[in-house]
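My questions concern the predicted model and sequence given below.
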Amino acid sequence: MLAALAADVVVVLLFAAVGRSSHEEGLTPGGVLQTAWPFLAGVALGWAVVRVRRDRWPLEVGDGVVVWVAGVAGAMLLRRASGAGTDPAFVVVATVVLGVLLLGWRAVRRRLRPTWGRRQSARPGEARGR
């Protein structure tokens, strides 16, 4: 669970750093955090929603959709409230890039997760327990 939360935080910090770099803004830790904080708050909201409503941690791709949508929506509301930009092009780019990153690591995790150790049901007509 902590690794998943850390992955989401790293994704948001990476997004903020790349965005700042592409706009030739400083890559200082303070600058990256200033850009990232609304997205981190939105992602935290998404984690809370999944945890409370579904009683599980948002590790799966489907739960990642909630984290992604809350992350972007929460960030845009916080950015607007704090006087930061919410240009439509920025909203689109943030939505697409964060979607790829937040859902991408979950999809890779799902794909790479070992299948051994999972309980497999017997095929019809086969005896169980042999």
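Right, received. Where do you want to start? Numbers count the residues shown, from 1 in each chain.

going forward, measure contacts between C-alpha atoms and count neighbours the same way
Noted.

Point me to the helix or strand that includes the residue positioned nearest the centre of the chain.
The chain has Leu102 as the residue nearest its centroid, 3.3 Å off, counting by C-alpha atoms, centre = their mean. Secondary structure assignment for Leu102, by DSSP states H and E: helix 88-112.

Mind listing what's buried along that helix?
For helix 88-112, burial by neighbour count (16 or more other C-alpha atoms under 10 Å) applies to Ala94, Thr95, Leu98, Gly99, Leu101, Leu102, Leu103, Trp105, Arg106, Ala107.

roughly how far apart are Gly19 and Leu27?
10 Å (C-alpha to C-alpha, to the nearest Å).

higher neighbour count, the two?
Gly19 (19 against 15; other C-alpha atoms under 10 Å).

three-state assignment of the more buried one?
helix (DSSP: H, G, I helix; E, B strand; the rest coil).

Look up how far Ala70 lies from it.
Taken as C-alpha to C-alpha, the span from Gly19 to Ala70 is 20 Å.

for Leu112, same thing?
Distance from Leu112 to Ala70, by C-alpha to C-alpha: 26 Å.

contacting residues around Leu27?
Ala17, Arg20, Ser21 (C-alpha atoms under 8 Å, 6 or more residues apart in numbering).

What is the nearest of those residues to Glu60?
Nearest to Glu60 among these is Ala17, at 25.6 Å by C-alpha to C-alpha.

Leaving out the residues flanking it, which one is nearest to that closest one?
Counting by C-alpha to C-alpha, 6 or more residues apart in numbering, the nearest residue to Ala17 once its immediate chain neighbours are dropped is Val32, at 5.6 Å.

now Arg80
Thr86 (6.4 Å).

That neighbour: what secondary structure?
Three-state call for Thr86 (three-state DSSP): coil.

Please report how far it lies from Val93.
For Thr86, the distance to Val93 equals 11 Å [C-alpha to C-alpha].

Point out where this structure drops to low pLDDT.
114-130 (pLDDT under 70).

Helices along that one, start to end?
2-22, 29-54, 61-81, 88-112 (DSSP state H).

what's the offset of stretch 104-117 from the middle of its chain?
16 Å (C-alpha atoms, centre = their mean, to the nearest Å).

Having no further points to raise, I will conclude here.
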